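**Q** Attaching a predicted model along with its sequence, questions to come.
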Amino acid sequence: MNYLDDLVVVLVVQNVLMSVNTVGSLSFGRGSITEPSDVRRQAIANLPGYPSPFSRTGFGVDGMIKPDVVDFGGDFVIDLKYREGLDLPKPKLQLSDTVAGVSVVTFSKDFNSSLFHICSGTSFAAPRVANLAAQLFTKYPKASSNLIRALIVNSAVLPKEIPPEFQCSSKQSQSQNTKQIENQLAIYGYGQSDLERAMYSAENYVVLSEDNIFISVGKFHIYEIPQLPPEFFEVKGTRVLSITLAFDPPTRPTRGDSYLGITMEFNLFKGIDRESIVNAYVDADKTGSPDKFTEITLDNLKEKYGSGILVDLSPGSSLRKKGTVQRGQVKIFPQSTKYDEGNMTLVVSCNRKWAKPDEIEIQRYALVASISHSDPQDETPD
């Protein structure tokens, strides 16, 4: 049986962990170093970037995207012993997580007998992401935890090799692709983080960020993303626009209608002037439905200007807004419309759940936007 069919151990995120990044585990894709020719000792995943068989899966409580990211945590090895002496017993199946080459090398707690120890688990994937966070804090000592979380998630990409069960194809229908993306998110979260992409811009990769921004609950903020230059479309390659939002709302141990006292979301517009967007949000705010003013705004704008003004970020807002760190991405093709019609407008909105107005008036957040082109010769503007 395919081990991927058994990845059903769901990650249950407590309320205190809703504002932290959770980490799933990947296989190194290596076999045993000590016994490489022993066909009886086989790594289960055995391919780099495949999910470890012990990795927890999403989604989290309230449908949150969990885990947020993944990193290497090792693999299990099946040990098939066909003979014990001459009795030739039935095969025994044993799972080992302490096989050199398959497992993670770490320091031993019993340092008197051995300085190093090998083991596998998500507990070894999480420190790799924590190390990345520490390096980002060293580079940006004044950054908030929200910005660090946003940078880590924004930099994440899926491994080059993922199981066919989670791959999207142009031959699939839109609903099938949507389902595959949900499957990817449940196993990989937003992907494996990359320190260089989180820390720096490059000739073909530009990162913009805002940190320690405070928004009044029930209100919205407007940002503009500069118009993309013609060279961005003319040079062949893969073009990706990413938006990541991270915030730290009040939480509670009991669910009610939500564990989160405050929720936030964002939407990106193109081919429409800023004033029209602002007016639509202001009008929706006057309807007396503070928890639905974003939904009302989108409906009114699409009815008046068409659905093409809303950038179709993936995953969609209804899924990503359930979490406290949210990323939306879109691939931009040369034939994509309205991206060359002026600046894009990003709207970040904040909604109240159970948090009382006299206790929580504002919410802190961080925002990261990145534009990338797979051809390093293409220089996106500063």
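**A** Alright, I've got the coordinates. Numbers count the residues shown, from 1 in each chain.
**Q** Any regions of the stretch 201-350 of the chain where pLDDT drops low?
**A** For the stretch 201-350 of the chain, applying pLDDT under 70 flags the ranges 255-257, 290.
**Q** what about 80?
**A** 252-258, 285, 287-292, 334-335, 337-338, 340-341 (pLDDT under 80).
**Q** which residues of it fall in strands?
**A** 205-216, 220-225, 239-247, 262-269, 325-332, 344-352 (DSSP state E, counting those that start in this stretch).
**Q** Over to the stretch 1-150 of the chain?
**A** Under DSSP E, counting those that start in this stretch, the stretch 1-150 of the chain gives strands at 23-26, 41-43, 69-72, 77-81, 92-96, 104-107, 116-119.
**Q** which of those strands has the lowest average pLDDT?
**A** Looking at the strands of the stretch 1-150 of the chain, the lowest mean pLDDT belongs to strand 92-96 (a mean of 48).
**Q** my guess is Ser276 meets Tyr305, correct?
**A** Yes. In this structure, Ser276 is within contact of Tyr305 by Cβ atoms under 8 Å, at 7.4 Å. Quick note: C-beta positions are derived from backbone N, CA and C, even for glycine.
**Q** sorry, back to before: how about the strands of the stretch 201-350 of the chain in JSON lines, adding distance to Cys168 and mean neighbour count?
**A** Below are the strands of the stretch 201-350 of the chain laid out as JSON lines (distance: least, Cβ to Cβ, whole Å; neighbours: other Cβ atoms under 10 Å):
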{"stretch": "strand 205-216", "distance to Cys168": "23", "mean neighbour count": "16"}
{"stretch": "strand 220-225", "distance to Cys168": "26", "mean neighbour count": "17"}
{"stretch": "strand 239-247", "distance to Cys168": "15", "mean neighbour count": "24"}
{"stretch": "strand 262-269", "distance to Cys168": "21", "mean neighbour count": "23"}
{"stretch": "strand 325-332", "distance to Cys168": "11", "mean neighbour count": "21"}
{"stretch": "strand 344-352", "distance to Cys168": "25", "mean neighbour count": "21"}
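**Q** could I get these as JSON lines with distance to Pro163?
**A** Shown next, in JSON lines, are those (distance: least, Cβ to Cβ, whole Å):
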{"stretch": "strand 205-216", "distance to Pro163": "28"}
{"stretch": "strand 220-225", "distance to Pro163": "34"}
{"stretch": "strand 239-247", "distance to Pro163": "22"}
{"stretch": "strand 262-269", "distance to Pro163": "31"}
{"stretch": "strand 325-332", "distance to Pro163": "21"}
{"stretch": "strand 344-352", "distance to Pro163": "34"}
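**Q** Select, out of those strands, the one closest to Ala156.
**A** Closest of the strands of the stretch 201-350 of the chain to Ala156 is strand 325-332, at 7.7 Å (criterion: Cβ to Cβ).
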